[in-house]
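>>> How does the following fold in three dimensions:
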Amino acid sequence: MSKKKRIIVQLDQKTINKIAAGEVVERPASVVKELVENSIDAQATEISIFIEGYGLDLIRVIDNGIGMNSQDAALAWKSHTTSKLKAIEDLDSIASLGFRGEALASIASVSMMEIITREENALTGTIVRIKGGNLELIEERECSVGTSIIIRNLFYNVPARKKFMKTPTTELGHIMEIANRQALIHPEIHFKLQHNKATLLNSPRSSNPIEPFISIFGADFAKQMLPVNFEKDGIQITGFTSAPSLSRASRDHEMLYVNKRYIRSKTISEAIEEAYKTLLMKHRYPVTLLNINIESSKVDVNIHPTKREVRFSESREIYDIVQEAITHTLENNELWRESKGLLKSSSSVAASAQTRLDGTVSDTTITPQSNGKSSALLKPISSVDTKLRFDESSSVLNETSALVISPTAVALSDTFWIRPLGQAHLLYILCESSEGIAVVDIHATHERIMYEHLLELYHNANFVTQELLQPIAFNLSTEERLFLEENIPQLEKVGINLEHFGGNTFIIRRLPVVMDLLKTTEDIKNLIDEMRKDVANIPDVNERLDLILKTMACHSVVRSGDPVSIEKTIAILEQLSACKQPFTCPHGRPTIIRITEKDLEKEFGRIV
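Below is the predicted model of the structure:
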């Protein structure tokens, strides 16, 4: 009987290494990541990265770490050789960035590698050369303390991999991202990155953790970062998170670390975003750099080929602590918005003003739309019906620079007060402030107050309702009816009493007392329309309730176009000062924008 040909074979080591390289070495940036992490584990305080040809031609990483002796250098590039594990039990308490002992072997199998290294007390160093996974040279060499690893002709023996590379600019961008991430979390290390002799990063060693932000993103960016320092149940959260004035359209600037290892975590991202829920508009994300210092035994870093993902033993605990840390930071900082270019058009306005021969300025401003003619739509100033008038009294500074606040001023914090002067466009309240001028969006401000009030009523199960003298009946489309039927239990929890009267008709008999502005069928239908738009696709009941409360707040307060008396304005501002998050409306729009006296002086040419 003839033997059947064997189907299953054991792969040779070179093939195994190339397969491993496919998992570990996705692109040139993957090589930079592995080499830089080795340098950090080697206790380096200076790491220089030199790139040529976007990483395919040359990658060189030089550090001043502890280096290796000749025996270790001869072993380091081989598969599953590591200084970080001695026994299987060590996997439960990994403190280093690298530990598997496969990165150098994987890189060496698809490149031409050169290792030059020396320990501090050694007279000479060692050079090791490997080509495509084969040892070509090992000998003594004069060199500096530390390690230099050079990678030439990456993927030279697997040309198919080069077809999957992105554009050179994209590949270089990934390398910069790796270097920046490490520089941001390791201010104690001097990082340099050069490409074709052009310096892309120079982040000097510093004891101040904000310095890398300044090196990478600039001083203006760094000024908007708030320090985070929070500890609970043996877990420490440190780093920075942005004021709401600084946000991005994606999560790319959420930089998360566990024991200084860069990770991606849906749990942590969701916790951060929950803390910003009413401070940022929808689809805007904060800039965050957070390091979670936690016992190694409570986190598994060995679940992903590139160690980008981790698993926490208590993920809910991590979620709660991160959310609490961010919330604590935001609540303990003043987050008033500064004007961004609010006065930038002043010079162009001045230039367009027409001056007569006698030196007076004409009443007509010529714009491309007006063609020199006054618009018939502009009302004379005397005809504008505004409830707030300019007050001739003014708050001043005395000789000791102590603030003397007039009776109509409202203190929003220990150092910031505003005094209403007038209402513009039946929405914005113009104010004098302790710092210059402030503009208040009265609707956003009142909405924040009402949202926090409704939230408190809901948590205390204390919605006071009133029976309507005339119940409001209204008809809906079939789609609207189905939405309302599904959400009647949630609406009843917040004091809105609805009855299905048959077909597509509903009747409201009771409403919360705080919603006394809802008086007509049209008001009710507008409220339901907005709820349906925001709530319909949200499966989580608590999130639905929160969105319903936000919508209720929006429809229960002063609206754009409503004239507001000075007494009511001051009352609203005083209530704002008592809010937990007075800086934005529940949807993330600012309540107040500040314009400093210095900005005014610059715009009017009083200072350079």
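>>> Kindly confirm whether my reading is correct that I178 touches E37.
No - contact criterion C-beta atoms under 8 Å: I178 and E37 do not qualify, at 9.4 Å. Just so you know, the C-beta spots here come from the backbone N, C-alpha and C atoms, and that holds for glycine as well.
>>> which one of the two has more residues nearby?
With neighbours defined as other C-beta atoms under 10 Å, I178 and E37 compare such that I178 has more, 22 against 19.
>>> check contacts around that one.
A29, V32, K33, V36 (C-beta atoms under 8 Å, 6 or more residues apart in numbering).
>>> May I see the PyMOL selection of the buried members of those?
The PyMOL command for the buried members of those (criterion: 16 or more other C-beta atoms under 10 Å) is given here:
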select buried, resi 29+32+33+36
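>>> Return the member of the contacts of I178 nearest to N526.
A29 (50.9 Å; C-beta to C-beta).
>>> isn't there a strand covering that closest one?
No - membership of A29 in a strand is not supported by DSSP: H, G, I helix; E, B strand; the rest coil, which gives helix.
>>> what's the neighbour count on the nearest residue to it once chain neighbours are set aside?
Excluding the flanking residues, the one nearest A29 by C-beta to C-beta, 6 or more residues apart in numbering is H174, at 3.6 Å. For H174, the count of nearby residues is 18 (other C-beta under 10 Å).
>>> go on, the one 10 residues further on?
When neighbours are defined as other C-beta under 10 Å, L184 has 24 of them.
>>> next one: M225
Summarising burial for M225: neighbours were counted as other C-beta under 10 Å, giving 22.
>>> Tell me the bridge partners for it.
Following DSSP bridges, M225 is listed with bridge partners S242.
>>> from now on call the first residue 81
Happy to do that; since the first residue is 81 now, the last one works out to M305.
>>> Is E610 in contact with A633, as I believe?
No - under the criterion of C-beta under 8 Å, E610 makes no contact with A633, lying 11.2 Å away.
>>> Do you have the strands of the stretch 281-430 of the chain handy? List them.
Remark: strands assigned in the stretch 281-430 of the chain by DSSP state E, counting those that start in this stretch are 305-312, 315-322, 327-328, 334-338, 341-343, 365-366, 368-373, 379-380, 391-392, 417-418.
>>> Take those and lay them out in a markdown table including distance to D679.
Conversion of the strands of the stretch 281-430 of the chain to a markdown table gives the following (distance: least, C-beta to C-beta, whole Å):
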| stretch | distance to D679 |
| --- | --- |
| strand 305-312 | 21 |
| strand 315-322 | 21 |
| strand 327-328 | 22 |
| strand 334-338 | 31 |
| strand 341-343 | 38 |
| strand 365-366 | 25 |
| strand 368-373 | 28 |
| strand 379-380 | 46 |
| strand 391-392 | 46 |
| strand 417-418 | 8 |
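>>> Would you tell me which of these gets closest to T204?
Short answer: strand 341-343, nearest of the strands of the stretch 281-430 of the chain by C-beta to C-beta, at 34.2 Å.
>>> What distance do you get for A651 to I529?
A651 sits 10 Å away from I529, going by C-beta to C-beta, to the nearest Å.
>>> who has more neighbours, those two?
Ranked by neighbour count (other C-beta under 10 Å), A651 and I529 place I529 first, with 23 against 14.
>>> in the helix or strand where that one lies, what's buried?
Using DSSP states H and E, the secondary-structure element containing I529 is helix 522-539. Buried positions in helix 522-539, judged by neighbour count with 16+ other C-beta under 10 Å: 522-535, 537-538.
>>> Looking at these, which two lie furthest apart in space?
Greatest spacing in those, by C-beta to C-beta: I522 and Y538 (24.4 Å).
>>> Tell me which helix or strand comes right after the helix or strand G502 falls within.
Here G502 sits within strand 497-504, counting by DSSP H and E. Per DSSP H and E, the first helix or strand lying C-terminal to strand 497-504 is strand 508-513.
>>> Name the strands paired with the longest strand along the chain and say parallel or antiparallel.
When the chain is parsed with DSSP state E, its longest strand is strand 545-555. Strands adjacent to strand 545-555 in the sheet, as given by DSSP bridges, are strand 585-592 (antiparallel).
>>> still on that earlier bit, could you check how far the longest strand of the chain is from the centre of its chain?
44 Å (C-alpha atoms, centre = their mean, to the nearest Å).
>>> Can you list the buried residues in that strand?
So for strand 545-555, counting by 16+ other C-beta under 10 Å, buried means T545, I552, F554.
>>> Can you tell me the number of residues neighbouring the spatially closest residue to the second one that is not a sequence neighbour?
With sequence-adjacent residues excluded and distances taken as C-beta to C-beta, 6+ apart, I552 is closest to I588, at 4.6 Å. Counted by other C-beta under 10 Å, the residues lying close to I588 total 18.
>>> thought I588 was touching Q550?
No - applying C-beta under 8 Å, one finds I588 not in contact with Q550, separated by 10.4 Å.
>>> Not counting its own residues, what contacts the helix or strand harbouring I604?
Assigned by DSSP H and E, I604 belongs to helix 601-615. Helix 601-615 is contacted from outside by 552-554, 556, 560, 563-564, 567, 588, 597-598, 624, 627-628, 630-632, 634-635, using C-beta under 8 Å, 6+ apart.
>>> Sitting in strands, which of these do you find?
I552, A553, F554, I588.
>>> any idea of the angle the longest strand of the chain forms with helix 601-615?
Interaxial angle, strand 545-555 versus helix 601-615 (axes from the mean of the first three to the mean of the last three C-alpha atoms, to 10 degrees): 90 degrees.
>>> Could you check how many residues crowd around E200?
E200 has 10 neighbouring residues, counting by other C-beta under 10 Å.
>>> Pretty sure it sits against G145.
No - here E200 does not reach G145: they are 9.7 Å apart, not a contact under C-beta under 8 Å.
>>> domain parsing for this structure?
Split into domains by automatic domain parsing, the chain comes to 93-165+174-283, 304-413, 468-688.
>>> Many thanks, have a good one.
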